[in-house]
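Novice: Sequence and predicted model, in that order:
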Amino acid sequence: MITPMNTSWPGRGWMLAACLLVPGMAAAEAAAGAATACDVGSEPKLTPLVELYTSEGCSDCPPADDWLSTLAREEDPARISLLAFHVDYWDEIGWIDRFADPAYSQRQRVRVKLDEGRTVYTPQVMVGDKTMLDWRDDRRARAVLRGARETTAPVSLLMRVVVEDSRLRVGVKAEPAAGATAPGDGPTGDGMLWLALYQDGLSTEVRAGENDGLTLHHDRVVRALKGPWAVGHAPVIGETSIELPEGADPRRLGLVLFAESTRDGSAWQSLNMPLADCIQ
């Protein structure tokens, strides 16, 4: 659930006075004592979101997982957002992927349908409305990302995070970018805003299925997905909370806030915040 907040927030100046702009969060931070807060805002150019649909039960997926991990190591986290959605439809062949969620499988189906496709598969990599990016051709894939970064984003995003003992409190704002026409030509709500919590440095010893006997390593694994919230001509301003995975090291967690079109799945903007940047 997202709780509406005061819609009088200014633009980028909010980072200088965020405690005044997120009702309740400053008080919560003070009460928590050791809580840490940090802010991040998007740039005028698009930060592309790479989505990998994968499964621990799929023998073709480990190389794609490794490719995503390589991107996470080599690319500037301020210029790319990476998410690995583990799907559940491989679970029936003998290995239950502990990171899988039916909601991620459904998101994959919707994204393919928006691209007028018929087939979902793993590993499948998507960037914006391109739902069949050939990740095996690394040079070409990175060229697609470079091209996406040359696009002016139609939406600007802001995020403020308070890190508490077992949860995050997240204030978000999404609105048409300054000087840009609101995205789409439809009514308010022709886009969606999502917030994902991801985790790095995960590993699993697989004991059944196609990857039986292998130890798999994962980064950018989606552990929670909030939304969607309608975004378009009207700003979205609100606050939500996310429980941290039990036993997780916050320094290996991060958040991605992203907006996309409901019409064709095209990317409007994304914003990546590694929690390691928020913890001293």
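Specialist: It's in.
Novice: And the strands in the stretch 151-280 of the chain?
Specialist: Remark: strands assigned in the stretch 151-280 of the chain by DSSP state E, counting those that start in this stretch are 155-163, 167-176, 191-199, 202-205, 215-218, 221-231, 236-243, 253-261, 267-274.
Novice: and of those strands, who's closest to residue 146?
Specialist: strand 267-274 (14.3 Å; Cβ to Cβ). From N, CA and C alone the C-beta is placed, and that goes for glycine too.
Novice: Direction included, what does that closest one pair against?
Specialist: strand 253-261 (antiparallel) (DSSP bridges).
Novice: how about the CA coordinates for the partner strand, as PDB?
Specialist: The C-alpha trace of strand 253-261 is given here as PDB (Å, rounded to 0.1, in the frame of the first residue of the first chain):
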ATOM      1  CA  LEU A 253      20.200  -4.900  -0.800                       C
ATOM      2  CA  GLY A 254      19.000  -2.200  -3.000                       C
ATOM      3  CA  LEU A 255      15.900  -0.500  -4.400                       C
ATOM      4  CA  VAL A 256      14.700   0.200  -8.000                       C
ATOM      5  CA  LEU A 257      11.900   2.700  -8.600                       C
ATOM      6  CA  PHE A 258      10.700   2.500 -12.200                       C
ATOM      7  CA  ALA A 259       7.900   3.900 -14.400                       C
ATOM      8  CA  GLU A 260       6.700   2.400 -17.600                       C
ATOM      9  CA  SER A 261       3.900   2.700 -20.200                       C
END
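Novice: Report the inter-axis angle for whichever strand or helix holds residue 107 versus strand 191-199.
Specialist: Residue 107 belongs to helix 102-114 when assigned by DSSP states H and E. Here helix 102-114 points in a direction 140 degrees away from that of strand 191-199 (axes from the mean of the first three to the mean of the last three Cα atoms, to 10 degrees).
Novice: Okay, and the beta partners of residue 191?
Specialist: residue 231, residue 261.
Novice: Also residue 82?
Specialist: With DSSP bridges as the criterion, residue 82 is bridged to residue 50.
Novice: That one - how many residues pack around it?
Specialist: Residues lying near residue 82 (other Cβ atoms under 10 Å) number 23.
Novice: try residue 119
Specialist: Neighbourhood size, residue 119 [other Cβ under 10 Å]: 8.
Novice: how about it, what does it touch?
Specialist: Counting by Cβ atoms under 8 Å, 6 or more residues apart in numbering, residue 119 touches residue 112.
Novice: what pLDDT does it get?
Specialist: At residue 119, the model reports a pLDDT of 89.
Novice: any idea how far residue 132 is from it?
Specialist: Distance of residue 119 to residue 132, computed by Cβ to Cβ, to the nearest Å: 9 Å.
Novice: Residue 80 now?
Specialist: In terms of Cβ to Cβ, residue 80 sits 19 Å off from residue 132.
Novice: Also residue 218?
Specialist: Distance of residue 218 to residue 132, given as Cβ to Cβ: 22 Å.
Novice: Compare neighbour counts for those two and give me the winner.
Specialist: Taking other Cβ under 10 Å, residue 218 and residue 132 do not tie; residue 218 has more neighbours (24 against 13).
Novice: Go ahead and confirm that one touches residue 198.
Specialist: No. Using Cβ atoms under 8 Å as the test, residue 218 is too far from residue 198 to be in contact (9.9 Å).
Novice: Show me the common contact partners of those two, please.
Specialist: With Cβ under 8 Å, 6+ apart as the test, residue 218 and residue 198 both reach residue 84.
Novice: what bridges to residue 205?
Specialist: residue 215.
Novice: Tell me how far it lies from residue 142.
Specialist: Residue 205 is 32 Å from residue 142, by Cβ to Cβ.
Novice: Residue 43 too?
Specialist: 19 Å.
Novice: Repeat that for residue 61.
Specialist: With Cβ to Cβ as the criterion, residue 61 and residue 142 are 20 Å apart.
Novice: The two: which has the busier surroundings?
Specialist: Remark: of residue 61 and residue 142, residue 61 carries more neighbours, 26 against 14, as counted by other Cβ under 10 Å.
Novice: No further questions, thank you.
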